[in-house]
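Novice: got a sequence here, can you model it:
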Amino acid sequence: MIVVADTSVVLNLCFLRLAPILPLLFGEVLTPPEVKWEFLHLTGTDSRFAGLEFPQFIVLEAPLTMEYDWAKSPLLHMGEVAALSLALEVKADLVLMDEAEGRAAASALALKTMGLLGILLRARELSLIHPLAPLLDRLDREARFWMGPSLRAAVLRAAGESPEENS
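Specialist: Residues are numbered from 1 along each chain as shown. Purely as a prediction, here's the structure:
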């Protein structure tokens, strides 16, 4: 399986100290240098992420080009453009991405995506993490990862956890 990661997924998994689940779930994970640069920029400028280190197991691979019509969208960040460009070039099976604009662009390019919550759910299904509710609480309170109450409840139900017990 060929998997390309964008910044937010890697950053938030590192925040939760769960980055090591990526190779367990997907094998090799690729990312362009722009994603590492965004990661390092955020860890150096945003106190929430201070001290986090970019995972050494992620393989850096630069896309050959980022000169696509869709890449000129003002809604996409540099890391998203680079990740989507790389995903197209390597014919990725999956792009790990959270931002709505990036996911919409991936969908328009016929690329499958999975976000942080999907990754956490898959890890929970495989018993790599237990339970999910405290992780969602940390993401909400400390990382300011926004998810509405209905999404949180749906994720907990999908994980076999009762949303009412974990509110």
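
Novice: what about the closest residue to residue 23 other than its chain neighbours, how many residues close to it?
Specialist: Sequence neighbours aside, residue 57 is the residue nearest to residue 23 in space, at 5.4 Å (criterion: C-beta to C-beta, 6 or more residues apart in numbering). For glycine as for every other residue, the C-beta is placed from the backbone atoms N, C-alpha and C. By other C-beta atoms under 10 Å, 11 other residues sit near residue 57.

Novice: residue 127 now?
Specialist: Close neighbours of residue 127, defined as other C-beta under 10 Å, add up to 7.

Novice: again, but for residue 6
Specialist: The tally of other residues near residue 6 (other C-beta under 10 Å) stands at 31.

Novice: tell me the buried residues in stretch 149-167?
Specialist: For stretch 149-167, the buried set under the neighbour-count rule, 16 or more other C-beta atoms under 10 Å, comprises 152-153, 155-156, 159, 161, 163, 166.

Novice: which SSE is residue 24 in?
Specialist: Residue 24 is part of helix 21-26 when elements are defined by DSSP states H and E.

Novice: the next helix or strand after that helix pairs with which strands, parallel or anti?
Specialist: In the C-terminal direction, the helix or strand that comes right after helix 21-26 (DSSP H and E) is strand 29-31. Strand pairing for strand 29-31, determined by DSSP bridges: strand 3-5 (parallel), strand 59-60 (parallel).

Novice: so where's the chain shaky on pLDDT?
Specialist: Low-confidence regions of the chain, defined by pLDDT under 70, span residues 70, 164-167.

Novice: where do the helices of it begin and end?
Specialist: For the chain, the helices defined by DSSP state H cover 7-15, 21-26, 33-45, 78-90, 100-108, 116-125, 133-141, 149-158.

Novice: rebuild the ones you listed as TSV, extending it with distance to residue 53.
Specialist: Rendered in TSV, the data for those read as follows (distance: least, C-beta to C-beta, whole Å):
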stretch	distance to residue 53
helix 7-15	7
helix 21-26	14
helix 33-45	8
helix 78-90	17
helix 100-108	24
helix 116-125	18
helix 133-141	18
helix 149-158	27
